[in-house]
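In: With the sequence up front, the predicted model follows.
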Amino acid sequence: MSRTVTRIVAAIAPCGMRALRPALGAGTAALLLASCAVGPNFVPPAVPDVDRYTPEQLSSPSMNAGGPSVPKQHFVNGEDVSLRWWTAFRSKPLDELIKMSVEHNPSLQSAEAAIRIAQYNALAQRGLFFPQIGANYTPSQQQISGASGSGPGGQSPSVFSLHTAQLNVSFVPDIWGQNVRAVESLDAISEQQLFQLEAAYLTLTANVVTAAIQEASLRGQIAAIQRVVKIERGILEIVKNQFNAGGAAQVDVLAQEAALAQSEQLLPPLEKQLAVQRDLLTSLAGQFSADEILQKFTLDRLALPANLPVSLPSKMIRQRPDVRAAEALLHSANAQIGVAIAARLPNITITGNTGAAAFTLAELFTPGTSFYAIAASATQPIFDGLTLYHKQKAAEAAVDQADALYRQAVVTAMQNVADALRSLQADARALQAAVKAELAAKASLDIIQKQLALGQVSQVVVLNAQQVYLTAAVVRVQAQATRLSDSAALFMALGGAWPANCASDDWRKCVLDDAPAPTAQRVSENGPPAR
């Protein structure tokens, strides 16, 4: 038996006990095997050997020379994202709304509950490392034949009571580390749920910022159209006065009324979108739609972050919660290979029970009433139609799948950052062009409006100038909002920041506290560019 156990031990490479001598006893071998776990040990994937997100060297957004002045932005390479990155927009209503959302949004509460579920499942699996002990007490009343035996006191009653109390013990030694790997897999699931909480937190804060910017954009577009409507109403009065004086035709009046109506027609859809956006922001804050939030957002109350941190690719991959969650799932799948291998190896079960049985409760633990039993069994699958073999192959294929999903998550993360950087570089030029177009259109409309009062231009010229200015004003608002949204998208693409090193167990307090964040320097706030 000793030599047999020794050969089994020597056949298990991951346990590192090939030097075990043949003279090793079976009991000692079993103890050493208890610390062994078959299957591959997990090795975290290597960080890709890349040092930038774009083929060319990253440069800060640039503007065309000679154009109108617009806010500038600078990329700060190698800097980390601030824990409270949304403060870079310098909006107190936004800070208040995010605090409300983090405190009350059900999606975060659901993610926290998912972490507890995973942790308790892992703790439950750890219980299998210990013997399972249960107590049993069975009182019964029995009827026997007088000829079948003697009852209490040598009598042969037809009815008597029997009290049985026993303690049952069972233990399955984790010889091959099957339970070790199962616990390892569940611990990885717990870790994955933690990263899911990080992802939910990052998504929530980014959605609040984006929704607030969208509300500001809608308000800006409505304000721009209302300015044009006011101008068009003034022009309509001029045309009507000219018509009454015989200086204009009725068709000119009708054309201006049609232009005014078309502009006014643009307002209801935008007002509907604004109402829907308010409902979205209220929902993100964890409030019912009837309890609309008090915060309102306009573009002039949202500052453009001047310095944008651009973390190194290696750092970004380690802080993106979706990438880390994919790595945790890969870890869990890797541990399942060990579980599948152990299921194909011999298994030992030790059981025992002890107790007492008596005719009366008072005699239950008196001498002569006790009993016990100890048993051990060893099982080895011999033929199962290759069921366990194919389960092992399925576990190995699951690792290949999880590895591919992890690599795809890394590729997607790199793409997200590159897209955000490209967008920001284009946004600066687009906004400058939009501002230039709006200024030119407004100046042209002002001149044409004066000429119209003097009867020096036709109605067609006036209508064209109104339409050009309306379009330019709306496009400028949209370009300004897009630049703000893409700035938020960069923070999200970089993985945001999580208070992993916070001294407090309450991560919300660490995130929402007004004190300086215990993470990287807050380079994302407006200020002179870092050198």
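Out: That came through fine.

In: measure Gly259 to Leu470 for me?
Out: For residue 259 the amino acid is Ala, not Gly. Counting by C-beta to C-beta, to the nearest Å, the gap from Ala259 to Leu470 is 9 Å. The C-beta positions use only the backbone N, C-alpha and C, and glycine is treated the same way.

In: And Thr138, by the same measure?
Out: Between Thr138 and Leu470 the distance is 89 Å, computed by C-beta to C-beta.

In: Then His104?
Out: To Leu470, His104 is 40 Å away according to C-beta to C-beta.

In: Looking at the two now, which is surrounded by more residues?
Out: Neighbours were tallied for His104 and for Leu470 using other C-beta atoms under 10 Å; the higher tally belongs to Leu470 (23 against 13).

In: Secondary structure element for that one, which one?
Out: In the assignment (DSSP states H and E), Leu470 maps to helix 459-493.

In: Any buried residues in the following helix or strand past that helix, and which?
Out: Per DSSP H and E, the first helix or strand lying C-terminal to helix 459-493 is helix 507-512. The neighbour-count check on helix 507-512 (16 or more other C-beta atoms under 10 Å) flags Trp507, Cys510, Val511 as buried.

In: what's the burial count for Ala418?
Out: Ala418: 16 surrounding residues under other C-beta under 10 Å.

In: Spell out the secondary structure type for the residue nearest to it when sequence neighbours are not counted.
Out: Using C-beta to C-beta, 6 or more residues apart in numbering and skipping residues adjacent in sequence, the residue nearest Ala418 is Tyr53, 4.4 Å away. What DSSP: H, G, I helix; E, B strand; the rest coil gives for Tyr53 is coil.

In: check contacts around Tyr53.
Out: Contacts for Tyr53 (C-beta atoms under 8 Å, 6 or more residues apart in numbering) come out as Val310, Pro313, Met414, Val417, Ala418, Leu421.

In: Tell me the buried residues within those residues.
Out: The neighbour-count test (16+ other C-beta under 10 Å) marks Val310, Pro313, Met414, Val417, Ala418, Leu421 as buried among these.

In: what secondary structure does the third one sit in?
Out: With three-state DSSP as the basis, Met414 sits in helix.

In: Identify the residues contacting it.
Out: Pro48, Val50, Tyr53, Pro313.

In: What of the second one?
Out: If a contact means C-beta under 8 Å, 6+ apart, then Pro313 has Val47, Pro48, Val50, Asp51, Arg52, Tyr53, Met414, Val417 as its contacts.

In: That one and Pro346, how far apart?
Out: Taken as C-beta to C-beta, the span from Pro313 to Pro346 is 48 Å.

In: And for the third one?
Out: Distance of Met414 to Pro346, given as C-beta to C-beta: 47 Å.

In: pLDDT wise, what is Leu108 at?
Out: Confidence at Leu108, expressed as pLDDT, is 92.

In: my guess is it meets Leu197, correct?
Out: Yes - with contact defined as C-beta atoms under 8 Å, Leu108 counts as touching Leu197 (7.1 Å).

In: ranges for the helices of the stretch 151-300 of the chain?
Out: 178-244, 250-265, 267-284 (DSSP state H, counting those that start in this stretch).

In: can you list the weak-confidence ranges in the stretch 251-400 of the chain?
Out: Counting by pLDDT under 70, the stretch 251-400 of the chain contains no low-confidence range.

In: swap the cut-off to 90 and go again
Out: Counting by pLDDT under 90, the stretch 251-400 of the chain contains low-confidence ranges at 252, 358-369, 372, 384.

In: what ranges do the strands span in it?
Out: 307-310, 347-358, 370-379 (DSSP state E, counting those that start in this stretch).

In: how about those strands, which one is nearest Arg407?
Out: strand 307-310 (22.6 Å; C-beta to C-beta).

In: In a markdown table: the buried ones among the contacts of Tyr53, plus distance to Asp279.
Out: Formatted as a markdown table, these follow (distance: C-beta to C-beta, whole Å):
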| residue | distance to Asp279 |
| --- | --- |
| Val310 | 35 |
| Pro313 | 38 |
| Met414 | 35 |
| Val417 | 31 |
| Ala418 | 34 |
| Leu421 | 33 |
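
In: of all those residues, which comes closest to His390?
Out: Met414 (36.4 Å).

In: measure the closest one to Val474 for me?
Out: In terms of C-beta to C-beta, Met414 sits 34 Å off from Val474.

In: mind checking how far Asn307 is from Ala378?
Out: Distance from Asn307 to Ala378, by C-beta to C-beta: 68 Å.

In: So if I had to pick from those two, which one is more boxed in?
Out: Applying other C-beta under 10 Å to Asn307 and Ala378 shows that Asn307 carries more neighbours, namely 20 against 8.

In: isn't that one right up against Lys72?
Out: No - using C-beta under 8 Å, Asn307 makes no contact with Lys72, being 10.1 Å away.

In: now for stretch 290-306, what's the gap between its first and last residues?
Out: 37 Å (C-alpha to C-alpha, to the nearest Å).

In: Please apply the same query to stretch 340-350.
Out: Note: stretch 340-350 ends 22 Å apart using C-alpha to C-alpha.

In: Outside of it itself, which residues are in contact with it?
Out: Taking C-beta under 8 Å, 6+ apart as the rule, stretch 340-350 contacts 8, 30, 38-39, 170-173, 175-178, 181, 374-381, 388-389, 391-392, 394-395.

In: Let's have the strands of the stretch 251-400 of the chain in JSON lines, adding distance to Glu264.
Out: Supplementary listing: those in JSON lines, determined by distance: least, C-beta to C-beta, whole Å:
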{"stretch": "strand 307-310", "distance to Glu264": "39"}
{"stretch": "strand 347-358", "distance to Glu264": "80"}
{"stretch": "strand 370-379", "distance to Glu264": "83"}
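
In: ranking those by burial, who's on top?
Out: Mean neighbour count (mean count of other C-beta atoms under 10 Å) peaks for strand 307-310 among those, with a mean of 24.

In: rewinding a little: ok, so of the contacts of Pro313, who is nearest Asn241?
Out: Val417 (58.8 Å).

In: I figured the closest one hits Phe491, correct?
Out: No - using C-beta under 8 Å, Val417 is not in contact with Phe491, being 10.5 Å away.

In: Could you pick out the buried ones from the contacts of stretch 340-350?
Out: Going by neighbour count (16+ other C-beta under 10 Å), the contacts of stretch 340-350 have 38-39, 171-172, 175-178, 181, 388, 391-392, 395 buried.
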